[in-house]
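J.: with the input below, show me the fold.
(one chain, ligands or ions: 1)
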Amino acid sequence: MGDVGDEGFGDRIDALDLRLFDAIESQTSPHDKRSLLAVQRATRRLTGGYRYLEIGSHLGGSIAPHLVDPCCTAITSIDKRPPSQPDERGVAFAYEGNSTARMLALLGSVGPTDKVATIDAGAPDVDVAALGPAHQLCFIDGEHTDRAVVADFELCLAAVGDAGAIAFHDAPITYRGIAACLERVTDRDPVAYALPDAVFVVELGGFALHDDPYVADALLHNHRAYLAALLANDHYREFANGRPFRLARQAKARVRSLAARGRLGPG
Ligand SMILES: C[S@@+](CC[C@H](N)C(=O)[O-])C[C@H]1O[C@@H](n2cnc3c(N)ncnc32)[C@H](O)[C@@H]1O
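T.: As a prediction, the model looks like this:
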């Protein structure tokens, strides 16, 4: 199925070869990487040639497979590069030495970077007109807050055109924002689903990535993404079941039970 005129790459993406991520560190799990490669494989099959937009690029790890893809004709990387970023997990995350120059140098070691355009800004400050023609695949992996992913999604909606897909990373963190994003596109008949471990896809305009065999299999076996998301948040349950909280809940239950018995008892 190496149908893209570059047998080496075509065979590797057809096989969802995780080594396509090897050159640059990416903040994604092996399952995330496989899901992202399947989304890329499906996009290239649907389009024959596509433009990729990413919000939150850090070192360029999630750009690298698109950089070497002959079907990817343009890449827009949007990254505000703040010294530290807020996060729904309640702590700010710092990215040491985070810069577009470093990312481009790393990408340059993977392949020519002339198809990469970079914008050092947050989504609300990006001039949509400057993005050029539609980007059929967008990936949101910037600030991990609900508010930011909604703003990022708005920009992607403007960039993606009539038919395309917008994917999110770390959906178990920004799920409320993603829910708000879906509300925003109810009139566009979206097809939305989670892929292991933490990728969430929104297809628009009949852009049927879900016909890809890996994606179809992941949807049939959706326990994988479901359990991965629950397990990613399991530490919150562990915390809520800590001794002080458990004792407080037990005391509350006892008071309720006594009150109910008082109401129901004779006299
Ligand atoms: C999780 S990292 C991206 C990881 C990358 N996609 C990968 O797979 O390796 C998040 C990136 O988002 C960027 N960022 C933080 N806040 C942002 C914002 N408000 N808008 C755009 N990018 C932001 C950071 O500078 C950082 O490079």
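J.: mind listing the helices for this protein?
T.: Counting by DSSP state H, the chain has these helices, from start to end: 7-14, 30-47, 64-67, 100-108, 146-160, 171-184, 213-220, 223-232, 234-240, 243-264.
J.: find the nearest non-adjacent residue to P83, please.
T.: With sequence-adjacent residues excluded and distances taken as C-beta to C-beta, 6 or more residues apart in numbering, P83 is closest to A94, at 6.4 Å. For the C-beta atoms, the positions are set from N, CA and C on the backbone; glycine is no exception.
J.: mind listing the residues bridging to that neighbour?
T.: As for beta bridges, A94 partners with S84 under DSSP bridges.
J.: do L195 as well
T.: In this structure, L195 has beta-bridge partners V199, where bridges are defined by DSSP bridges.
J.: quick one: contacts for it?
T.: If a contact means C-beta atoms under 8 Å, 6 or more residues apart in numbering, then L195 has 35, 38-39, 201, 215, 218, 225 as its contacts.
J.: redo those residues as a markdown table? Include neighbour count and pLDDT.
T.: Formatted as a markdown table, the entries for those read as follows, by neighbours: other C-beta atoms under 10 Å; pLDDT from 0 to 100:
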| residue | neighbour count | pLDDT |
| --- | --- | --- |
| S35 | 28 | 98 |
| A38 | 23 | 98 |
| V39 | 22 | 98 |
| V201 | 28 | 99 |
| V215 | 21 | 98 |
| A218 | 23 | 98 |
| A225 | 23 | 98 |
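J.: between those, which is closest to the ligand?
T.: The nearest member of the contacts of L195 to the ligand, counting by C-beta to the nearest ligand atom, is S35 at 12.3 Å.
J.: would you check that that closest one makes contact with D212?
T.: No - no contact is recorded between S35 and D212 when judged using C-beta atoms under 8 Å, the distance being 10.2 Å.
J.: hang on, the earlier thing: most tightly packed of the helices of the chain?
T.: helix 64-67 (a mean of 24; mean count of other C-beta atoms under 10 Å).
J.: average pLDDT across that one?
T.: Within the predicted structure, the mean pLDDT of helix 64-67 is 98.
J.: and it, what does it pack onto?
T.: Helices and strands in packing contact with helix 64-67 are listed as helix 30-47, strand 72-78; criterion 3 or more C-beta pairs under 8 Å, 6 or more residues apart in numbering; DSSP states H and E.
J.: out of the ones you listed, nearest to R184?
T.: Closest to R184 of these is strand 72-78 (C-beta to C-beta; 18.9 Å).
J.: compute the inter-axis angle for the closest one and helix 30-47.
T.: With axes from the mean of the first three to the mean of the last three C-alpha atoms, to 10 degrees as the basis, strand 72-78 and helix 30-47 are set at 130 degrees to each other.
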